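1. Okay, here's the prediction I keep looking at, along with the sequence it came from:
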Amino acid sequence: MTDACAGARVLHRDAALLMLYKPAGLPTTSPNQEPCLAQCAEQLDPRAPHLHASSRLDAEVTGVVTFARTRRAIAGLLEARRLGRYERYYLALASAAPEPSAGEWHFRIDRDPRDPRRRVSAARESTRGVAAATRYRLLHPQPSAALMLLMPQTGRTHQLRVHAARAGLPLLGDRHYGGPSQRVLPDGRVLRAGRVMLHCARVRLPNLARDEGTLLTIDAAVPDDFRTLWQKLGGDAALLEPAAWVLPET
């Protein structure tokens, strides 16, 4: 594999799907043929009849990305989305804890008129932009940050980052949307977030290769930089494991 793909790895592969771990710094796709996860997928699965990324993670974001390996699988994933059976669970380090501790955000999302690469949010009743919905749950607050579980119900560009910022708790390291890049602890130590602290930790979707009535669940452990920062903030590493999450009913 090329050097750009060194951090990418296969989490799951079957006749319908290829599910990869995406490292930080690597975009999911690239219109300019620059290194991206889609190219890594071709190297990791050269015999796939067809590879199509069914979702995209921002370059700084880590975690599970699902590729359809056939055109039939693309249709199956689109149907799963339509029925609300394509579930994604993200761990995030937010700059503050939400109030209430669990709920949904429904801020609409539009392109930033000053920079088309960025997004802005508007109130739910606004006519600007497109509707977007995110379920959230506080896992544990710390004085300088909060560990959260974010579950997008729609798939808008930068959705989780924009929603968190609009809710008043931008993600650590998210300089584009007002997130702090450092935290100062009571003892004077300065902790730095070198990227957006957001990780797609779990994807749950129909098992297209077998029985579509059953679900396939794929997890990806948080990377070292996320884990280390959380622990230095005083957080318990056990809370980063799926067994510790209190999942909402779906």
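-> Perfect, I can see it now. All figures in this text were calculated on a predicted structure; none of them were measured in a lab. Residues are numbered from 1 along each chain as shown.

2. Hmm, Val120 is touching Asp112, no?
-> Yes: between Val120 and Asp112 there is a contact under C-beta atoms under 8 Å: 4.8 Å. All C-beta spots, glycine's among them, are computed from the backbone N, C-alpha and C.

3. More neighbours: which of these two?
-> Using other C-beta atoms under 10 Å, the more surrounded residue of Val120 and Asp112 is Val120, with 20 against 13.

4. what about the residue nearest the centre of the chain, which SS state?
-> Taking C-alpha atoms, centre = their mean, the centroid of the chain lies closest to Cys200, which sits 3.8 Å from it. For Cys200, the assignment made with DSSP: H, G, I helix; E, B strand; the rest coil gives strand.

5. For it, which non-adjacent residue is spatially closest?
-> Gly63 (2.9 Å; C-beta to C-beta, 6 or more residues apart in numbering).

6. Can I take it that that neighbour is in a strand?
-> Yes: membership of Gly63 in a strand is supported by three-state DSSP.

7. Against Ala48, how distant is it?
-> According to C-beta to C-beta, to the nearest Å, Gly63 and Ala48 sit 21 Å apart.

8. Comparing the two, which shows the higher neighbour count?
-> Taking neighbours as other C-beta under 10 Å, Gly63 and Ala48 compare with Gly63 leading, 27 against 19.

9. distance between stretch 20-32 and the chain's centre?
-> How far stretch 20-32 lies from its chain's middle: 12 Å, per C-alpha atoms, centre = their mean, to the nearest Å.

10. what does that stretch rub up against?
-> 4-11, 34-41, 44, 53, 55-65, 67, 195, 200, 220, 223, 225 (C-beta atoms under 8 Å, 6 or more residues apart in numbering).

11. Tell me, how many residues neighbour the residue nearest to Ala133 when sequence neighbours are not counted?
-> Excluding its sequence neighbours, the residue lying closest to Ala133 (C-beta to C-beta, 6+ apart) is Gln153, at 3.9 Å. By other C-beta under 10 Å, 16 other residues sit near Gln153.

12. Isn't Gln153 up against Tyr86?
-> No: counting by C-beta under 8 Å, Gln153 sits too far from Tyr86 to count as a contact (10.1 Å).

13. any low-confidence regions in this structure?
-> Across the chain, the ranges flagged by pLDDT under 70 are 1, 123-125, 211-212, 248-250.

14. Apply 90 and report the result again.
-> Counting by pLDDT under 90, the chain contains low-confidence ranges at 1-4, 6, 30-34, 55, 113, 116-117, 121-129, 185-188, 210-214, 243-250.

15. can I assume Gln39 sits in a helix?
-> Yes: if the criterion is three-state DSSP, then Gln39 is within a helix.

16. For Thr66, see how far away it is.
-> According to C-beta to C-beta, Gln39 and Thr66 sit 16 Å apart.

17. now Pro116
-> With distances taken as C-beta to C-beta, Pro116 is found 27 Å from Thr66.
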